[in-house]
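Asker: Prediction below, plus the sequence it came from.
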Amino acid sequence: MTIDVQAIADLGPDDRAAFFERDAGIEAVRGDVSEIVERVHTEGDVAVREFTSEFDGIEVGNLEITDECERAADEIDDGVRNAIETAAANVREFHEAQLPDDWQREFSEGRTLGRRFRPIERVGVYVPGGSAAYPSSAIMGVVPATVAGVGHVSVVTPPADELNPVTLAA
């Protein structure tokens, strides 16, 4: 396979526009994704297990690993746990400093305008796993969401025979 490498400046107008198109091929997979989302919505964990088996070739038991995370936090090296806690505290402090203030002001009689910030209710945080540990991904995804006031944060990681205890702890 050969790859034709070109500078953006050398592309014609149509090729340049296609290169910067933001849909990233979404339309081509929208139907498949909609079917997967619908099955997970209606069948829950049963569908997730089936898709994990189909796409990843792994049979998953328990999808809820909160207890494993708590055990990992208790069992990892104290220095590593302190590093995770320090990193999380630093990220928390940084994001707390960015929290916007709501405001409201009367601009003319009977006309009050302002700005209100409200967190979304739920977010999903993807934490890479596999052969490498990425506790920073957990920290950088979960902490800002909790600082913003998100009510429910779900963390997902690729299926593995054994999840890294440091990433679980984070």
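Answerer: Sure, I can see it.

Asker: How far off centre is stretch 78-94?
Answerer: 19 Å (CA atoms, centre = their mean, to the nearest Å).

Asker: What ranges in the chain fall below the confidence cut-off?
Answerer: In the predicted model, the chain carries pLDDT under 70 at residues 1-3, 22-25, 130.

Asker: Helices of that one, residue ranges please.
Answerer: Ranges of helices in the chain, per DSSP state H, are 13-19, 26-43, 45-51, 66-75, 78-96, 135-148, 165-169.

Asker: now for the shortest one, which elements pack on it?
Answerer: The one in question is helix 165-169. Applying 3 or more CB pairs under 8 Å, 6 or more residues apart in numbering; DSSP states H and E, one finds that helix 165-169 makes contact with helix 66-75, helix 78-96, helix 135-148. No exception for glycine: its C-beta is placed from N, CA and C like everyone else's.

Asker: Would you mind giving those as a markdown table with distance to residue 109 added?
Answerer: Shown next, in a markdown table, are the helices and strands packed on helix 165-169 (distance: least, CB to CB, whole Å):
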| stretch | distance to residue 109 |
| --- | --- |
| helix 66-75 | 54 |
| helix 78-96 | 37 |
| helix 135-148 | 35 |
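
Asker: so which of the ones you listed is the most packed in?
Answerer: Across the helices and strands packed on helix 165-169, averaging neighbours per residue (mean count of other CB atoms under 10 Å) puts helix 135-148 on top, at a mean of 19.

Asker: That one to helix 78-96, inter-axis angle?
Answerer: Calculated by axes from the mean of the first three to the mean of the last three CA atoms, to 10 degrees, helix 135-148 forms an angle of 40 degrees with helix 78-96.

Asker: Could you shift the numbering so residue one becomes 132, and keep it that way?
Answerer: That works, and once the first residue is 132, the last one we named lands at helix 266-279.

Asker: pull the CA atoms of helix 266-279 into PDB?
Answerer: The C-alpha trace of helix 266-279 is given here as PDB (Å, rounded to 0.1, in the frame of the first residue of the first chain):
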ATOM      1  CA  PRO A 266      -4.900   7.000  35.200                       C
ATOM      2  CA  SER A 267      -4.600  10.600  34.000                       C
ATOM      3  CA  SER A 268      -7.500  10.000  31.600                       C
ATOM      4  CA  ALA A 269      -9.700   9.100  34.500                       C
ATOM      5  CA  ILE A 270      -8.600  12.100  36.500                       C
ATOM      6  CA  MET A 271      -8.900  14.500  33.500                       C
ATOM      7  CA  GLY A 272     -12.400  13.300  32.600                       C
ATOM      8  CA  VAL A 273     -14.000  12.600  35.900                       C
ATOM      9  CA  VAL A 274     -12.800  15.500  38.000                       C
ATOM     10  CA  PRO A 275     -13.900  18.400  35.700                       C
ATOM     11  CA  ALA A 276     -17.300  16.800  35.300                       C
ATOM     12  CA  THR A 277     -17.800  16.500  39.100                       C
ATOM     13  CA  VAL A 278     -16.500  20.100  39.600                       C
ATOM     14  CA  ALA A 279     -19.100  21.200  37.000                       C
END
